[in-house]
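>>> Provided below are the primary sequence and the corresponding predicted coordinates.
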Amino acid sequence: MNVAIIGYGYWGPNLVRNFMTAPGCQVSYVFDTSQKALDKVTKSYPEIAITQDLNEILKDSATDAVAIATPVGTHFELAKKALEQGKHVLLEKPMTAKLSEANELIRIADSLGLTLMVDHTYLYTESVLKMQQLIESGDIGNIQYIDSTRINLGLFQRDVNVLWDLAPHDISICMYLMQEAPIGVQATGVSHTGSTLANIAYLNLFYPNNKIAHFNCSWVSPVKIRQMLIGGDKKMILFNDLETTEKLRIYDKGYSILPDTDRERILIDYRIGDITIPKIGQGEALSAMVLDFKNAIENKTSPRSNSYIGKEVVRILEAAEKSILNKGQYMEL
């Protein structure tokens, strides 16, 4: 399978490396508007053709697919052109800048029988797969909440707020673990740079049956935290992505409500049991994502990080941005 990489900035080199080492894959082109970036490609991979002419890639019938790693505002036009030329498309997260754009790309891909996938890499990590297995087995019980913190002293983006930059990771994990879309969104955020782009934001997702998810995202934290809590009615999980070997801890902790004749009182019985640390594999998630993309194309199957998840992430982010601009107004989905 011949793949062209569009964009060789922050994430492009990772895509090239993984596609070059994936069985049955070959990077045929790398496109970038920067000659300096293309010179880096030639230095590391002299066998790969480089170009600043996108049409050279799209008109080449030998190119089966393109992987787009450019700013989100460019995703729609690039992906649309590629799909219309019969290319399968892998898009970096978030999928598009607007929900209407995501819907249009899905329509085109479906009508042409092409694979359209979004690179939500976390869905291929051993930690997330283990959490999904624990939930599916019933060991955790029914999920009641997900609470995520993704903060650091990070790079301020010029075109998107902090939620568009950081939250797609955790929203996609939430979508994968919950196996359902939220029914409402509420978000608040502030900017300390004089722009309208929030650099600190808090996002709540509301689900049926009183389930809730909360996301804390910031570019201005003095410490780096990548942590997620998954609360089930049997057990709870702590996912600390910065841990090297003990990323997951399973807490056999919970509570139950005791019956009481006095309806003004709530009696709670707490349960405190063992803490389990499962062994997590060290495989590279991006490599697994590349193979899933290839398999989806060859077998005409839906990849794990499919366009539906990508579209729902954009739907949530778009509603969250509206909520922030309306001072935390609840937005139905």
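All right, it came through fine.
>>> Contacts for stretch 293-309, please.
Contacting residues not belonging to stretch 293-309 are listed as 1, 22, 24-25, 64-65, 88, 90, 95, 102, 105-106, 109, 113, 115-121, 123-124, 172, 175-176, 289, 292 [C-beta atoms under 8 Å, 6 or more residues apart in numbering]. Yep, even glycine has a C-beta here, placed from its N, CA and C like the rest.
>>> what's the span of it from first residue to last?
Stretch 293-309 has an end-to-end distance of 15 Å (criterion: C-alpha to C-alpha, to the nearest Å).
>>> follow-up on the earlier one: so which of the contacts of stretch 293-309 are in helices?
Under the assignment DSSP state H, the contacts of stretch 293-309 contribute 102, 105-106, 109, 172, 175-176, 289, 292 to helices.
>>> Starting from the worst-scoring helix or strand of the chain on mean pLDDT, tell me which strands it pairs with and how they run.
One helix or strand of the chain scores below all others by mean pLDDT, DSSP states H and E: strand 267-276, with a mean of 81. The strands that strand 267-276 pairs with in its sheet are strand 248-258 (antiparallel) (by DSSP bridges).
>>> quick one: buried residues of the partner strand?
Using 16 or more other C-beta atoms under 10 Å as the test for burial, strand 248-258 gives 248, 250-251, 254.
>>> So Phe215 versus Thr21, what's the distance?
According to C-beta to C-beta, to the nearest Å, Phe215 stands 33 Å off from Thr21.
>>> returning to that earlier point: what subset of the contacts of stretch 293-309 is buried?
Buried among the contacts of stretch 293-309 (16+ other C-beta under 10 Å): 1, 22, 25, 64-65, 88, 90, 95, 102, 105-106, 109, 115-121, 123-124, 172, 175-176, 289, 292.
>>> Longest strand in the protein, please.
strand 220-232 (DSSP state E).
>>> Output that strand as CSV, nothing but the C-alphas.
Presented in CSV, the C-alpha positions along strand 220-232 are these (Å, rounded to 0.1, in the frame of the first residue of the first chain):
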residue,chain,number,x,y,z
VAL,A,220,-0.7,27.3,31.8
SER,A,221,0.0,24.8,34.6
PRO,A,222,3.4,24.7,36.3
VAL,A,223,3.1,20.9,36.4
LYS,A,224,2.3,18.3,33.7
ILE,A,225,-0.5,16.0,34.6
ARG,A,226,-2.1,13.3,32.3
GLN,A,227,-4.6,11.5,34.5
MET,A,228,-8.0,10.0,34.2
LEU,A,229,-10.3,8.5,36.7
ILE,A,230,-13.0,6.0,35.7
GLY,A,231,-15.6,5.3,38.4
GLY,A,232,-17.7,2.2,38.2
